[in-house]
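Novice: curious how this folds, go ahead:
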Amino acid sequence: MKEKSKKEQGFTLIELLIVMIILGLLAALVGPRMFGKVGSSKQKSAKAQISLFETAIDTYRLEVGKFPTTEQGLQALRVCPDGVTKWDGPYLPKDIPLDPWGNPYTYKYPGEHGDYEIVSHGAGGRAGGEGEDTDIVSWKNIGE
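Specialist: As a prediction, this is how the structure comes out:
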């Protein structure tokens, strides 16, 4: 029988444990920082979607002559509402998406903070809140 040289023996249990501890420490340090960015990226995504809705609503208004009503909602950007003439949509290429947390956007016309309002109620899905639950609204920027 031929004895294996030191190079052919592989790693010892101690060496493997040390590597696993180092990897665990790195994951504990880096993980929370990475997952902390998820909330703010979802808020930025909601704001970007709201901006796209605003562009589509402005185009709708230019062609139809008025904003969609609260009852017509954002769906008026995809399907011609009853009684509307000069509609030349759809003004969005795809169906109205849910916000990044899986909730529908709220559209209101006339708005209290402008001609109309588009709101995502954040992670909580209800009006108000702080952090990830903060409402993302069409009339102000994130963080205001």
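
Novice: quick one: residue 43 and residue 135, what's the gap?
Specialist: Distance check for residue 43 against residue 135: by CB to CB, to the nearest Å, it reads 10 Å. (Glycine included, C-beta is placed from N, CA and C.)

Novice: pLDDT score for residue 29?
Specialist: Note on residue 29: pLDDT of 77.

Novice: cool, and the one 4 residues further on?
Specialist: Per-residue pLDDT puts residue 33 at 68.

Novice: begin at 50, not 1, for the rest of this chat.
Specialist: That works, and once the first residue is 50, the last one we named lands at residue 82.

Novice: so what sits against both of residue 92 and residue 184?
Specialist: When contacts are counted by CB atoms under 8 Å, 6 or more residues apart in numbering, residue 92 and residue 184 have residue 171 as shared neighbours.

Novice: and these two? Which one has more around it.
Specialist: Comparing residue 92 with residue 184 by other CB atoms under 10 Å, the one with more neighbours is residue 92, at 23 against 17.

Novice: least confident secondary structure element in the protein?
Specialist: Among the helical and strand segments of the chain, the one scoring lowest on mean pLDDT, DSSP states H and E is helix 62-113, with a mean of 84.

Novice: roughly how far is that helix from the heart of the chain?
Specialist: Taking CA atoms, centre = their mean, to the nearest Å, the mean C-alpha location of helix 62-113 is offset from the chain mean by 9 Å.

Novice: remind me what that helix packs against, helices and strands.
Specialist: Packing partners of helix 62-113 (3 or more CB pairs under 8 Å, 6 or more residues apart in numbering; DSSP states H and E): strand 166-169, strand 185-186.

Novice: which neighbours does the next helix or strand after that helix have in its sheet, and in what orientation?
Specialist: Using DSSP states H and E, the helix or strand that follows helix 62-113 in sequence is strand 155-157. Paired neighbours of strand 155-157 in the sheet (DSSP bridges): strand 166-169 (antiparallel).
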